[in-house]
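Student: Got a predicted model here, sequence first, then my questions.
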Amino acid sequence: MTTVSHASRASRALRLAFHGGGLSYRALFNWTTPPMFIGTLLVGPLFQIFFFVHVGRSLHVADDRFYLLGNAVLATSMPCVYGAIMAVANERRFGTLGAVLLSPRSRGLIWGGRVLPYAVNGLAVMTFMMLVGALVLGLTLPPSTLLGLAQVFVVAAMSCALFGLALGALAVRIRDVYVISNAAFTLLILFSGANLPPESMPGWMNAIGSFLPLHHAIEALRALFAGASFGEVWSALVLEVAVALGYAALAYGLLRFFEWRSRANAALDVM
Amino acid sequence: MTTDLAIEAENLARSYRTRTGWLRPQRKTIEAVRGVHLAVGRGELFGLLGPNGAGKTTTIKMLNTLLLPTSGTARILGYDVARDALEVRRRIGYVFGGDRGLYERLSALDNLRYFAELYGVEPREQLPRIQELLETVGLSGREKERVEGYSRGMRQKLHIARGLLHRPQVLFLDEPSIGVDPAAARELRRVVADLVAGGTTVLLTTHYMAEADELCDRIAVIASGTLRAEGTPAELKDRVRKLDVLEVEVHDAVGPEHLQRLRDTAGIEQATVETSGTVDVVTVHARPSHGTHAAVLAALADLRTGKVTTREPTLEDAYLSIINGTTTGSA
Amino acid sequence: MALPTRRDVHRFWRLMAVGVRTHVLYLSRSGLELVMAVFAPIVFATLAVYLFRAGDQPDRLLQAAVGAGLMGVWSAVLFGGGGAIQEQRWMGTLETLVAAPTRLSLVLLPITFATAVVGMYSLIATVAWGVVLFGIPLTPASPLLFVPAMLVCVVALGMMGLLMAATFVLLRNANSLANGLEYPVWMFSGVLVSTATLPEWTRPITWALPTSWAARAVQAATGGGEVVWPSAVALGLGLAYVALALVALVWVERRARGTGTLALT
């Protein structure tokens, strides 16, 4: 009896996380139409790669591979940061946040499930960037790197999406949350290490970067392509996982805190 | 150009093509308005009534040049809405209900100054005109506050002030009283009545029958994109005056089978049910006959019935019977 | 068509003044715009300065800061213009703008110039941050032409913005276009680094963009070179874009009325 109810509880939890997450992606992500998806998630980041490759070549900062790897991973911040923020902020715009918070279900599953579609989206975007970028720039993807590549991408996408969710949590209270998303996005361009070689970044920049998502993932990917061992790659990835877990905890804490505060102050539907 | 008509529409129609799905798109054509004829004289207050999605807003948007008709023609003060859009726009005002349509982060004054410029109000006249309008709609003293802090009623007043900046000869009011409290709605009716007294032609859409009854010189009822009836409020009420309205309180749940039984009864034109509090109220429109009362109660025999009242038909009764297509003859 | 009278000319300038004031005021009251206006120039100045330092041109830091500022001008015009139209569609004011008895091009021009003014600010702020944070000496090669070249750049981009605005009015999803156009224009107009190393086939794109010529003029005023000639080409191209936009807008307005894409609902 208990095993059955355990199983059914687990399946209901999975259903809430995956099915609910998928539905919320369709309902709240503004960029699912083909023009938006292609323009914003594919063409924009692809030209970001080419732009920095061009800058790198002109100024003799670093080679093409350096910029391709960095900016391919950075491309995941488009769906993950903006998407996860929309997953909370649009609830407020549509006036549905109150209805969601009335749910008796686990907050971790409701919000955590919402991150998954964006992480998957981020994975697809990174893969596209890597393939098309390498093809256009005439770089090779050695088969030996593919397994490591997949690991880095999964960790990077999850980490970035959880970062987005933590920022999105602020949308429960802050009206103009896109201030934060735009700022975060710009910060990642500077601090992630995608566009500046670590040795030419000052210490404070590297320090800030190491607390932001993608910094360690980009490091791991570059190590992988430089022929480092799995152990070396994973020592960077473990740091990325730690950053991701930190943002997950922050997101959960903020969402619970703001939910409680909103009830206390009746500030839920100020907009 | 001289014409006695402020608004003329002949066979005005509009369809939308929609596409859903990207991989296998399904195309559908929606006929929002199908062949509407309108003739509104100068200085008239003309009401356009109809259920949601009946085509009221589409009609208004064709008349105020925002949408091109797919067929038919319309003229405002003699100017064609499709060809002479600029001439039409100089002479019309457009006010719509709801929260949208204003620059939220600007003050009412800045909103009005900007639109005064866009509407081509003479520079020297702009400030006095704005002050005058703020006075008229009752926003004086609040004009320096940002619109984001305004209530629905205040926004509506600002909408109206904006629509009147360039002293339009024809004013389109699309559900101006939606979501506005009764006091503000009465204020609004006063402003509209004053405008008409001053010679402005007004085309008004509304869901509030009392408002239409009080204000409008003539009313057209539109449903599913076609005009179902047109006339003065009194004429429309006359169409149902030859019917009695019977209201029966019922203490059990009224099912569709009861309504069907009522509608099948000879002499009964229409039967509707509405739940109010703990009772269902069945409203029956019937041709006057001594047997009606008994026949209605017989149809509801298996239910516990309470108070039965007979009353004069209102504009709402007329409206309901028109959109349900049950009235006979035309006004 | 009759020639414009003095009254028309007067009205045009008044409309521009009131319109630019309204939209700059409106933009300046958005937290989003404010934060980005302060934040983006710092980030881009920092990125450009470190890139130039990491590369082989650490002596051209003023060019780096100016280049980063020019990137900001393009972002401001692109997202400002696009965002303004999109936001007005959401707010429901786009319909009231079209329903006004003023030509749509005259309604939109102040909006694009307001975004160019924001871009101008961003250019100045980026250079100022470069000077303050990184101690870059503000010693342009042509001190007298530096400011006029920047003004020409803003005007040329404002004019280019009108054509962008026309597409934004027409397309409901125009911000997808904007998101996809930021980096290509930076790259093909050589705002940060020269286009000399780009493949030969990209030359026509570079020549057709007013941003290329405006950037070339500003960079020449900064680091030395011909300023007047590229400025004139930038203005000429800007005027050509306005002419194109005027033709396009007549069609766009008719089409938007035909398809009913002015409102969201």
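Tutor: Nice, thanks for sending it over.
Student: Look up how far B:Gly198 lies from A:Asn240.
Tutor: Residue A:240: Glu, not Asn. Counting by C-beta to C-beta, to the nearest Å, the gap between A:Glu240 and B:Gly198 amounts to 71 Å. Bear in mind the C-beta positions are built from the backbone N, C-alpha and C, glycine included.
Student: Those two: which is more packed in?
Tutor: Remark: of A:Glu240 and B:Gly198, A:Glu240 carries more neighbours, 25 against 9, as counted by other C-beta atoms under 10 Å in any protein chain shown.
Student: pretty sure the more buried one is touching A:Val154, no?
Tutor: No - the criterion here is C-beta atoms under 8 Å, and A:Glu240 misses it with A:Val154 at 10.4 Å.
Student: So which bits of chain A are right by chain B?
Tutor: Contact residues (C-beta under 8 Å from any C-beta of the partner chain) of chain A with chain B: A:33-34.
Student: in the longest helix seen in chain A, what's buried?
Tutor: In chain A, assigned by DSSP state H, the helix with the most residues is helix A:230-265. Buried positions in helix A:230-265, judged by neighbour count with 16 or more other C-beta atoms under 10 Å in any protein chain shown: A:233-234, A:236-237, A:239-240, A:243-244, A:246-248, A:250-252, A:254-255, A:258-259, A:262.
Student: and it, what does it pack onto?
Tutor: Contact here means 3 or more C-beta pairs under 8 Å, 6 or more residues apart in numbering or on different chains; DSSP states H and E; on that basis helix A:230-265 packs against helix A:107-137, helix A:143-169, helix A:215-225.
Student: between the last one and helix A:143-169, how many degrees?
Tutor: Which is helix A:215-225. On the basis of axes from the mean of the first three to the mean of the last three C-alpha atoms, to 10 degrees, helix A:215-225 is oriented at 170 degrees to helix A:143-169.
Student: quick one: contacts of helix A:215-225?
Tutor: The contact list for helix A:215-225 (C-beta atoms under 8 Å, 6 or more residues apart in numbering or on different chains) reads A:65-66, A:69-70, A:73-74, A:145, A:148-149, A:152, A:155-156, A:159, A:191-194, A:198, A:209-210, A:232-234, A:236-237, A:239-240, A:243.
Student: now the longest helix of chain A, how far from the centre of its chain.
Tutor: Chain-centre distance of helix A:230-265: 12 Å, with C-alpha atoms, centre = their mean, to the nearest Å.
Student: ditto for stretch B:41-50
Tutor: With C-alpha atoms, centre = their mean, you get 10 Å for stretch B:41-50.
Student: same question, stretch B:242-262
Tutor: With C-alpha atoms, centre = their mean, you get 28 Å for stretch B:242-262.
Student: Kindly report the same for stretch B:45-60.
Tutor: Per C-alpha atoms, centre = their mean, the displacement of stretch B:45-60 from the mean C-alpha position of its chain is 5 Å.
Student: for it, what is the average pLDDT?
Tutor: Here stretch B:45-60 scores 89 as its mean pLDDT.
Student: do stretch C:52-69 as well
Tutor: Stretch C:52-69 comes out at a mean pLDDT of 86.
Student: how about that stretch against chain A, any contact?
Tutor: Yes - legend: contact between stretch C:52-69 and chain A by C-beta under 8 Å from any C-beta is shown at C:52-57.
Student: Closest to C:Arg89 out of these?
Tutor: C:Phe52 (40.2 Å; C-beta to C-beta).
Student: in which helix or strand would I find the closest one?
Tutor: C:Phe52 is part of helix C:31-54, with elements assigned from DSSP states H and E.
Student: then that helix to CSV, C-alphas only?
Tutor: Output of helix C:31-54 as CSV, limited to C-alpha atoms (Å, rounded to 0.1, in the frame of the first residue of the first chain):
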residue,chain,number,x,y,z
GLY,C,31,14.1,52.2,-14.3
LEU,C,32,15.2,49.8,-17.1
GLU,C,33,16.5,52.6,-19.3
LEU,C,34,18.2,54.4,-16.5
VAL,C,35,20.0,51.4,-15.1
MET,C,36,21.1,50.3,-18.6
ALA,C,37,22.1,53.9,-19.5
VAL,C,38,24.5,54.0,-16.5
PHE,C,39,25.5,50.4,-16.5
ALA,C,40,26.0,49.5,-20.2
PRO,C,41,28.6,52.2,-20.9
ILE,C,42,30.7,51.2,-17.9
VAL,C,43,30.7,47.5,-19.0
PHE,C,44,31.4,48.2,-22.6
ALA,C,45,34.1,50.8,-21.8
THR,C,46,35.7,48.2,-19.5
LEU,C,47,35.4,45.4,-22.0
ALA,C,48,36.9,47.5,-24.9
VAL,C,49,39.7,48.8,-22.8
TYR,C,50,40.8,45.4,-21.6
LEU,C,51,40.4,43.9,-25.1
PHE,C,52,42.7,46.6,-26.5
ARG,C,53,45.1,46.2,-23.7
ALA,C,54,45.1,42.4,-24.1
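Student: top of the residues of stretch C:52-69 next to chain A by neighbour count?
Tutor: Within those, most neighbours by other C-beta under 10 Å means C:Phe52, with 25 neighbours.
Student: so it touches C:Pro58, yeah?
Tutor: Yes - under the contact definition of C-beta under 8 Å, C:Phe52 touches C:Pro58, with a separation of 6.1 Å.
Student: wait, what's in contact with the residue of the stretch 1-150 of chain C found nearest chain A?
Tutor: Nearest to chain A in the stretch 1-150 of chain C, going by C-beta to the nearest C-beta, is C:Gly55, at a distance of 2.9 Å. Residues near C:Gly55 by C-beta under 8 Å, 6+ apart: A:56, A:58-61.
Student: let's see 6 Å
Tutor: Contacts here follow C-beta atoms under 6 Å, 6 or more residues apart in numbering or on different chains; on that basis C:Gly55 touches A:59-61.
Student: try C:Ala37
Tutor: With C-beta under 6 Å, 6+ apart, C:Ala37 has no contacts at all.
Student: Report pLDDT for it.
Tutor: 74.
Student: Over to the one 3 residues further on?
Tutor: What the model reports as pLDDT for C:Ala40 is 80.
Student: what's the neighbour count on it?
Tutor: Considering only other C-beta under 10 Å, C:Ala40 is surrounded by 21 other residues.
Student: residues in contact with it?
Tutor: Contacts for C:Ala40 were tallied using C-beta under 6 Å, 6+ apart; they are A:Thr186.
Student: which bits of chain B sit near chain C?
Tutor: B:64, B:66-68, B:86, B:89-90, B:94, B:100-101, B:103, B:105-106, B:114, B:117-120 (C-beta under 6 Å from any C-beta of the partner chain).
Student: Name the SS class of A:Ile174, please.
Tutor: Of the three states, A:Ile174 takes coil under DSSP: H, G, I helix; E, B strand; the rest coil.
Student: got the contact list for it?
Tutor: A:Ile174 touches nothing, counting by C-beta under 6 Å, 6+ apart.
Student: Return the most buried member of the helices and strands packed on helix A:230-265.
Tutor: helix A:215-225 (a mean of 25; mean count of other C-beta atoms under 10 Å in any protein chain shown).
Student: the inter-axis angle of it versus helix A:230-265?
Tutor: 160 degrees.
Student: quick one: average pLDDT of helix A:215-225?
Tutor: Rounded mean pLDDT across helix A:215-225 is 92.
Student: centroid residue for chain A?
Tutor: Centroid-nearest residue in chain A, with C-alpha atoms, centre = their mean: A:Cys160, separated by 2.4 Å.
Student: confidence score at that residue?
Tutor: On pLDDT, A:Cys160 comes in at 93.
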